[in-house]
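Q: One predicted model, sequence on top.
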Amino acid sequence: MTTNPFGRVITAMVTPMRADGSVDEGGLRAVVEHLIANGHDGIVVNGTTGESATLTDDESIGAIRLAKEVAGGRAAITAGVGSNDTAHSIHMAARAVEAGADALLLVMPYYNKPTQAGVLAHCRAVADSTELPVMLYDVPHRTGLAFASETLIELAEHPRIVAVKDAKGDLWASTKVMAATDLLWFSGDDVVSLAHWAQGAVGVVSVVGHVAGKEYAAMLAAVDAGDLATAREIHQRLIPAVDAIMSTSQGAIMVKAALVELGVIESAFVRLPLVESPPEHLEILRTGLAEAGLR
């Protein structure tokens, strides 16, 4: 069985920013502490929800280094290093190692739309360049391309490609790859996390976990214990919050607003082309958090 270096209750952490758009290091420290205090044993830094697309390389590495320092071994730090340029991903992987990352998250190369042979070559090149374990990120609604099941099965043969963050939305494809490999499987979509766990996934890389970490930890523990009734009860109780955060506008926008509502960070600023929530979205958010018992 593959050793899990990532943790199990993981959130793809936001990058807090001040009202002038600069990275808020104090806010970042506060979010790391908040996540660890609320059931997390892993954190993804510089992922999609962290607005990696609009961070500079130095900002990304600074966030990884600071998160590692604050976590102090209490949670594994997985660094997002994916891009649509293999050489740049290799460069960022090396810098992430220097910053103290425990593992890497490698998203499907976006925009270029490579063939599956290109996807194989890209992922192998990045994994060959590092000694850290790699989690692949399959999110075709963002990248324009999915990992084929056959590609994942081939990539599972690489000694450092050991996990998948699955946001593809194809549970049957997922279960077939899990059956054919030793890949550690993580739900990458809060909506279907319980379904993934029921068929063998080991954890979650969440967005809603920013505000429901203890609930996700309890749900996963219930699944581990074979208590699906309790897991379903928690899952259903979280529906209003999951809908408010994931379906109102965009996850990074809404979860920053939620963290402001909970007093964890001071500003919900997001960098263009993202924009902050309008009042009507904030009202949906407040209602969803309250109905889910999260405030």
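A: Thanks, I have it.
Q: Doesn't residue 164 belong to a strand?
A: Yes. In this structure, residue 164 lies within a strand as judged by DSSP: H, G, I helix; E, B strand; the rest coil.
Q: Now for residue 166: which residues touch it?
A: The contact partners of residue 166, by CB atoms under 8 Å, 6 or more residues apart in numbering, come to 138, 174, 185-189, 196, 201. Yep, even glycine has a C-beta here, placed from its N, CA and C like the rest.
Q: which other residues reach the strand or helix carrying residue 93?
A: In this structure, residue 93 is located in helix 86-99 according to DSSP states H and E. With contact meaning CB under 8 Å, 6+ apart, helix 86-99 is reached by 57, 60-61, 64-65, 68, 79, 81-83, 104, 106, 109, 121-122, 125-126, 129-132.
Q: I'd like to check the angle between the helix or strand that contains residue 79 and helix 86-99, please.
A: Element membership for residue 79, per DSSP H and E: strand 76-80. For the pair strand 76-80 and helix 86-99, the angle between their directions (axes from the mean of the first three to the mean of the last three CA atoms, to 10 degrees) equals 150 degrees.
Q: other SSEs contacting strand 76-80?
A: Applying 3 or more CB pairs under 8 Å, 6 or more residues apart in numbering; DSSP states H and E, one finds that strand 76-80 contacts strand 9-12, strand 42-45, helix 57-71, helix 86-99, strand 103-107.
Q: Could you report the neighbour count for the nearest residue to residue 189 once chain neighbours are set aside?
A: In space, not counting the residues next to it along the chain, residue 189 is nearest to residue 167; the distance is 4.6 Å by CB to CB, 6 or more residues apart in numbering. Applying other CB atoms under 10 Å, we find 23 other residues in the vicinity of residue 167.
Q: Kindly report the same for residue 273.
A: Neighbouring residues of residue 273 were enumerated by other CB under 10 Å; the total is 7.
Q: And the pLDDT at it?
A: Per-residue confidence (pLDDT) for residue 273: 98.
Q: dump the residue contacts of it.
A: Going by CB under 8 Å, 6+ apart, the list of residues near residue 273 is empty.
Q: Surely it forms part of a strand?
A: No. Read with three-state DSSP, residue 273 is coil and lies in no strand.
Q: distance of residue 159 from residue 34?
A: Plainly put, residue 159 is 35 Å away from residue 34 if you go by CB to CB, to the nearest Å.
Q: So those two - more neighbours on which side?
A: Comparing residue 159 with residue 34 by neighbour count (other CB under 10 Å), the higher total belongs to residue 34, at 20 against 10.
Q: Apart from its chain neighbours, what residue comes closest to the more buried one?
A: Beyond its immediate neighbours in the sequence, the residue positioned closest to residue 34 (CB to CB, 6+ apart) is residue 264, lying 4.9 Å away.
Q: what sits against the one you found?
A: Contact criterion CB under 8 Å, 6+ apart gives 27, 30-31, 34 as the residues in contact with residue 264.
Q: Neighbour-wise, give me the winner out of those residues.
A: Within those, residue 31 tops the neighbour count with 24 neighbours, counted by other CB under 10 Å.
Q: how close does that residue sit to residue 151?
A: Computed as CB to CB, the residue 31 to residue 151 distance reads 34 Å.
Q: Counting neighbours, which bits of stretch 123-132 end up buried?
A: For stretch 123-132, the buried set under the neighbour-count rule, 16 or more other CB atoms under 10 Å, comprises 123-124, 126-127, 129-130, 132.
Q: Let me have those residues in TSV, extended by secondary structure and distance to residue 227.
A: Listed next are the buried residues of stretch 123-132 as TSV, based on DSSP: H, G, I helix; E, B strand; the rest coil; distance: CB to CB, whole Å:
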residue	secondary structure	distance to residue 227
123	helix	37
124	helix	40
126	helix	39
127	helix	37
129	coil	43
130	coil	39
132	coil	35
